[in-house]
Every structure is written in structure tokens, then in C-alpha cells.
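Asks: how would this look folded up:
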Amino acid sequence: MQATQAYIQEHKDRFLEELKVLLRIPSISADAAYAKDVQACAGQVAEYMVNAGLNSVEIIPTPGHPIVYGEKMVDASKPTVLIYGHYDVQPPDPLELWDTEPFDPVVKKTDIHPEGAIFARGTADDKGQFFMHVKAVEAMIATGELPCNVKMMIEGEEEVGSDNLEGFLRKNTDKLKSDVILVSDTSIIAKDTPSITTGLRGLSYVEVKVTGPNRDLHSGVYGGAVANPLNVLCNMISSMMDENKHVTIPGFYDNVAVLSDADRKALNEAPFNEEDYKEYLGIGDVEGEAGYTTLERTSIRPTLDVNGIWGGYTGEGAKTVLPSKAEAKISMRLVPNQDPDRITQLFEDHFKAIAPNSVQVEVNPHHGGQPSVTPTDTLEYKAAHLAMQDTFGKAPIPKREGGSIPIVALFEEVLNVKSILMGFGLDSDGLHSPNEHYGLFNFYKGIETIPHYFKHYTALK
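Replies: As a prediction, the model looks like this:
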């Protein structure tokens, strides 16, 4: 892989400039107003795949946003690595909290990234991370050092639940036939502490509406006599967690997988400084389910969080209104053995049961996903371990993450293939937040490491 690594070093500046082109496209899958931009981003991804040397590159329509596919088959007797990523991004709101324009990428130095980080929506989640694979594959093809077959599937709906991916997988099992799926949409512990993600939480996401009177009312004339949907909604939500931050939905914890004391001890041996954590987030203290550490709360325990709440008057100045309705978006992160469909139904049943007669409630489920755990005793995992050891100079630590990538469980169900979650971001990258960024160190380290994965996996297989 010497020629591949030399190629990467020679073309680093070009790689960064090409990434900036992707980042300038506001491929916001959740907002229909950006549908043309999402389509344009798919076209740019396809162009980069072609330029990288992939064959059979297609922009495949779905009922939603398109999937971009390409492949390079070098030898039918060799294993095949399927690379997955997504080119869609989260909305950048609130815009006023960005230091620079979210779709005008800027490289700036920070305390964590003295060599520079690129700031823009989608840098770490996931344009910068899937683009590492495009460039690594380009380097291997250009130097004649691609040791096995590669397929690449980059979708445009991950941030809205990948609703059309399952249908695509089921219709294209032969096209997507592979031995391992490589995903970079996760993080490492630190720039000097490599890690490989071995577990992800699942997700149940719902939107709720509480309706009271048939119109907004004068809060002086009717206040105290008519239920205020905002007050009711807040009371209902607050009742869903007790004083120990334990979710009170009946049946919520019935199937939660419980780790052994030894596994919990191993999980907590990962480098973590709670004081630094609090300082970075600007909080006075951590908070969460009693009896668990911060690392446990964010990886092996389920949660319930309000992601947004609105109703009534929110404009400038005062308007004494008793609102007709109040709404909220609520997410529940799930752990192994919790089924998202069952949890969603439990939530809906409970939410309706605790509503007073003075209001009407609606529960509208959005996307969800199964939790997943990756074994560490496979050839696929060992290849990732060796690859990171090659480039970081130390063995990576297996760790579980609190986020969700629903398609990982779907891949195993439909394609019968395990995924390796070899991401290179940091928890401090600001995913889904203002000022999202991705360190240049991480970007280039990923491009350098991926060819080592191909080398080791081919040799082990």
C-alpha cells in the first residue's frame, strides 16, 4: 500500500477542495424545499464515484431521494466490501448560532484541531466521512493496489429514517451481495485514542399534538377555566420520567438487555474526564438515570427526550393567549432487545391514557430503528483493529455509542451481512448542532486507514 499512501499525500489538498464542493450543496432531506439540492448532491456524488474509477455508477430513483451506487469488481474469487454512507444532512437551524454560514465551508484552527477543522453542515455527518472512502478507493484504483472488490452505496434519506432503503435492499440483493459492510458514520474516542464502535442504540421517534379549545382564547377571560394545552403537554411529558430519571411508560424496560458487572467495568475503562465533559458543554453538572455513569447512560441505557416543543404565541412582545393546541417531537433511544415498533405503541398507549378529558391527543410515529451490537471476534472486526493500529500506532478500543444508524440492523436482516462501524469523527464535532465541523486530522487519517482495512481483510479472508 505504499503507492496508495503516497498518492493520498500527493492529492490531499485536492481531496479537501472536492469535499468543499459537496458541503456547499444544501442537501437537506427533511425539507421538500431542498429537493432539487438533494438531487444535485446525488449527481455530484455520482461524478466523484466515476472520477474515482468506479464502474456501473448509477443514480437510482426511489419514492423519495435517490441512492447513488457504483462498484469495482477486480476478481470474483476475492471478497467484496460494500461501503455505505449518506449524502443528506440535517437542517442547519438555528442559523443565528452559527459562527459562519452552514453551507459555506471554512477551515479554522481550534484547541482540539490546531491543524484545522472544516466547518459546515454535513462535514462529520456524513459527507466528510463517506467521502473518505471515495478518496481511499480512488487512491487504490489509481495505483493498482485495490486488493479486492468494492461496492459503494450512498443514500439520501438517512436523516429522515431511510424509509425507502429497505425496499431497495430487498429488490437488489444480488447487486449488493458482499462479505462485509463498511460504515464511517461514527466516532473515535480522541485523536490519540482510536476506537471502533461495537454497539448502537435504536430509535423510536414520535410527534404528539394536544388540542384543547377550538381556537386560541384570551388568557384573561378564559384562563383558569379552560385547559391550556401547553400546560397539559408539559405536565404529561414531565410525568414520563420519575425522580431517578427512569422512564415511567409501563413495559418500557421489559426487554432491556442488562450488561454484566464485568462488561460494565470494561465499558467504563474507556478514557473519559467528566470535568472536561462538563466544561466543554458549559453545564454545571451531568444528569441522567440513577445508578449509571455518564458513559453507561449514553450507550447501554434507553432514554426519552423532547426534541422540540411549540404552541401559542412566540413572536416579539406580549400576547396574552391561551393556545388551542401544543405540539412536541419526542425521541426514545433504545438498547438491545427493545423493539422500536413495540416501544412506539407503548408510548402511544401511555400518552393517551394519561391525557385529561379536557384535551384531545394525537400521536404520529416517525422513523425508528433497531439497536445493534457488533461482535469483536470476527475477521471483519480484526481487519478494522489491525488497520487502525497501523495508522494510529496503537490498538483501538471497542466502544458503544449512543446514536442510531437504523440501517445497520436492516443490512444484517436483508443482506445477511455484518457491518463494521469504523468512523473517524469526534463527539465534539457538533453533529446536528450549529458549527458542525470535522478535523482535517480525522479526515486524512480516515483516508489513510481505509486502504489498510482492505489489505488486512483480503489477507484474513
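
Asks: what about the longest helix in this protein?
Replies: helix 440-460 (DSSP state H).

Asks: Show me the protein divided up by domain.
Replies: Under the assignment automatic domain parsing, the domains of the chain span 2-200+371-460, 202-256+303-369.

Asks: how long is the last one from one end to the other?
Replies: One end of domain 202-256+303-369 to the other measures 5 Å (C-alpha to C-alpha, to the nearest Å).

Asks: before we move on, the earlier item: buried residues in the longest helix of the chain, which are they?
Replies: 440-458 (16 or more other C-beta atoms under 10 Å). From N, CA and C alone the C-beta is placed, and that goes for glycine too.

Asks: What is it packed up against?
Replies: In terms of contacts (3 or more C-beta pairs under 8 Å, 6 or more residues apart in numbering; DSSP states H and E), helix 440-460 is packed against helix 2-10, helix 12-23, strand 80-86, strand 117-119, helix 128-142, strand 180-183, helix 379-392.

Asks: Please enumerate the strands of the stretch 301-450 of the chain.
Replies: 305-311, 321-322, 325-334, 360-369, 372-373, 397-401, 419-421, 437-439 (DSSP state E, counting those that start in this stretch).

Asks: of all those, which gets the most neighbours per residue?
Replies: Counting by mean count of other C-beta atoms under 10 Å, strand 437-439 has the highest mean neighbour count of the strands of the stretch 301-450 of the chain, with a mean of 29.

Asks: helices and strands around that strand, which ones?
Replies: Right, strand 437-439 is packed against strand 117-119 by 3+ C-beta pairs under 8 Å, 6+ apart.

Asks: Partner strands of the strand it packs on, with direction?
Replies: Sheet pairing of strand 117-119 (DSSP bridges) gives strand 106-108 (antiparallel), strand 437-439 (antiparallel).

Asks: Select, out of those strands, the one closest to V226.
Replies: Nearest to V226, of all the strands paired with strand 117-119, is strand 437-439, at 47.6 Å by C-beta to C-beta.

Asks: can you give me the offset of that closest one from its chain's centre?
Replies: Centre-to-centre, strand 437-439 and its host chain are 15 Å apart (C-alpha atoms, centre = their mean, to the nearest Å).

Asks: Turn the domains of the chain into TSV, columns for mean pLDDT.
Replies: Output for the domains of the chain, formatted as TSV (pLDDT from 0 to 100):
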stretch	mean pLDDT
domain 2-200+371-460	96
domain 202-256+303-369	96
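
Asks: In CSV, list the ones you listed along with distance to L267.
Replies: What follows is these, written out as CSV (distance: least, C-beta to C-beta, whole Å):
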stretch, distance to L267
domain 2-200+371-460, 7
domain 202-256+303-369, 13
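
Asks: Out of the ones you listed, which one sits most buried?
Replies: The highest mean neighbour count among those, using mean count of other C-beta under 10 Å, belongs to domain 2-200+371-460: a mean of 20.

Asks: May I have the distance across it, first residue to last?
Replies: End-to-end distance for domain 2-200+371-460: 20 Å, by C-alpha to C-alpha.
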